[in-house]
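1. just the structure for this:
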Amino acid sequence: LQFLYLIGLGEGPLGMLMEHEEAQEMRAVGEEDPDQASALSMGILEDSTQGADAADALQVCLLTAGSALGFVLFGYDTGVVSGASKWAQEDLNMTDFERGAAVAVTPWAAAVATLFAAASNGRFGRKGTMRGCGVLYAVGAFLVAVSNGFITLTCARVVLGLAIGLATTTIPLYVAESAPRAHRGRIVTFNDFAVVFGQVLAGLANIIGEGQGRAWRWTMGVAVVPAVLQLCVLPLLSESPRWLALKGFKEEAKAAFEKMNGKGAGAKVELLEMMLIADHEREREEKGVTCLSRVGALCGMWHDAPLRRAMTVGVFLMVMNQASGINTVMYYSTSILMAAGFDEETAVWGALLCDITQLLGVSVSLYLMDISGRRTLARTSAFAVSPSIFALGMAFWAGQKVMAVVAMAAYLFSFGLGLSGVPWTVNAEIYPLEHRTAAQSQAIFTNWFLNGSIALLFPLFVDSAPEAFFFLFAAVAGFGGWWITTYVPETNGLSLEAIESLFRVPLRTAANGEAAGHNDQRSWDSDDTGL
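-> Here you go, the predicted model:
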């Protein structure tokens, strides 16, 4: 856990424990020499919201581990399909269309699941929904392993898709509502690291499966192990404090919030703000302001100007996450390299190396997410993705195998740098509490619908004209870089309640981070008092 925190959170549990010990030392000194204690406090406890007790460190560790396991499963399923789907096609005598359908049905089922995520999160809470995801993951992985034909394999992958859709909607939401503000971006983005780590594990599994006679059943079925681990971790976690506050469980919400954020002055201010907004939203629900039909409520959300701006940003970022070509490369990386001229064994190894380059890109984004900010990483990533995937298309057009591998690796590193994690992080942050699950479900539905559509169509072109897809993805990524620069505000370092206010100020001001106090966080502390 300490190693993971060195990558993702900088200080980690040991750093938090050391800080806690330093605070205890300062109190002891204060009893003897108040002046010396005051001087120490300037260096040790300059910002009370950054400190944490030993229990806080453990809770943050558990939060990171519990959420990451769900995304490891997501990444593993995405990566293992690259090799296992081709072997399953030969073993079960499936056509190219049936193979594409068996792959595409998972993201489509995930898209359907996102439509029910808001109701599930509202009724059963974030933890309850995550528990259901773990059960579905385990059942789906087992059913895939015992499939004996196209129909049974497709049904099993539908179950996996339902689990993935609920998990990708719920986990970022749960982390954003529970994590300390100073580390929220990195913890949410750590889930993206977990996705790519799962893809690397899948690449290793494909290599082993290739050596064991294309053993696709166990490479797909082994996903039951992390699903069980996630179910074991969940009882140790607290429910989302914001969900508890919205449901009126104030004492439980206060206890859950303090476990993660401590009891410092800054944390108390954020807790009070959270409680006030939750009370306001609950009163609106009790008066029937939001008790419309699901479709009617969604249409009403689009008529609210600040919320419409937030949802446009969220949906567009999810479009960029898919329309820049990532799952085309991930689902069919082995087939792409074989189409470029490599034999199957070399292509499986090449796919693993490409997964590792994306992991490196995500690792860089973990470090920079709460330093450089979300918007900077996203636009840098988009402007780097565009030329790299264009080069991949040129490599196919010219028949250059080595260039294809280099371009694919550059593309995956560039994508991991921002477009991989920023859409999930920003979507978990930008919506008001009242509409958070519905708005996020809408954005993630868009992601999974595009995912499934591209996964279904690409196998029909991978052996004939894949470069046409790559040139299209390059154009989309270039346009997306401009759009992100122009319309996406910076949310780094802000409380969820402060981020909501970004969309009520003029577009240029919000995009430059001026209203958010991006250059001086204290400006929000004063501005929020009048909201």
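
2. surely residue 238 meets residue 255?
-> Yes - the criterion here is C-beta atoms under 8 Å, and residue 238 meets it with residue 255 at 7.4 Å. Just so you know, the C-beta spots here come from the backbone N, C-alpha and C atoms, and that holds for glycine as well.

3. compare those two (neighbour count), which wins?
-> Applying other C-beta atoms under 10 Å to residue 238 and residue 255 shows that residue 238 carries more neighbours, namely 20 against 14.

4. got a pLDDT number for the residue nearest the centre of the chain?
-> By C-alpha atoms, centre = their mean, the chain has its centre lying nearest to residue 424, at 4.1 Å. pLDDT, residue 424: 85.

5. check which helix or strand it maps to.
-> Element membership of residue 424, judged by DSSP states H and E, is helix 422-427.

6. before we move on, what about residue 471?
-> Per DSSP H and E: residue 471 is located in helix 466-487.

7. would you mind identifying the next helix or strand past that helix?
-> Assignment by DSSP H and E places the next element after helix 466-487 at helix 496-502.

8. show me the shaky parts of the stretch 301-450 of the chain.
-> Within the stretch 301-450 of the chain, the ranges that satisfy pLDDT under 70 run 331-332, 340.

9. just the stretch 1-150 of the chain next, same as before
-> Along the stretch 1-150 of the chain, segments meeting pLDDT under 70 span 1-57, 82.

10. okay, strands next: where are they in it?
-> Counting by DSSP state E, counting those that start in this stretch, the stretch 1-150 of the chain has no strands to list.

11. which non-adjacent residue is nearest the residue nearest to the centre of the chain?
-> Of all residues not flanking residue 424 in the chain, residue 172 sits nearest, at 5.1 Å (C-beta to C-beta, 6 or more residues apart in numbering).

12. from residue 110, how far off is the closest residue to residue 139 other than its chain neighbours?
-> Distance criterion C-beta to C-beta, 6+ apart; nearest residue to residue 139, sequence neighbours excluded, is residue 159 at 5.8 Å. Applying C-beta to C-beta, to the nearest Å, the value for residue 159 to residue 110 is 11 Å.

13. of those two, which one has the most company?
-> Remark: of residue 159 and residue 110, residue 110 carries more neighbours, 28 against 21, as counted by other C-beta under 10 Å.

14. contacting residues around the more buried one?
-> Residue 110 makes contacts with 161, 162, 164, 165, 168, 448, 451, 452, as judged by C-beta atoms under 8 Å, 6 or more residues apart in numbering.

15. swap in 7 Å and give it another go.
-> By C-beta atoms under 7 Å, 6 or more residues apart in numbering, the residues touching residue 110 are 161, 164, 165, 168, 448.

16. what's the farthest-apart pair in these?
-> 161 and 168 (10.5 Å; C-beta to C-beta).

17. from memory residue 221 sits against residue 144, does it?
-> Yes - counting by C-beta atoms under 7 Å, residue 221 sits close enough to residue 144 to count as a contact (5.9 Å).

18. more neighbours: which of those two?
-> Using other C-beta under 10 Å as the criterion, residue 221 and residue 144 rank with residue 144 on top: 28 against 21.

19. quick check: the gap between that one and residue 85.
-> Distance from residue 144 to residue 85, by C-beta to C-beta: 11 Å.

20. near residue 343, how many residues? Count them for me, please.
-> The local packing of residue 343 (other C-beta under 10 Å) involves 9 other residues.
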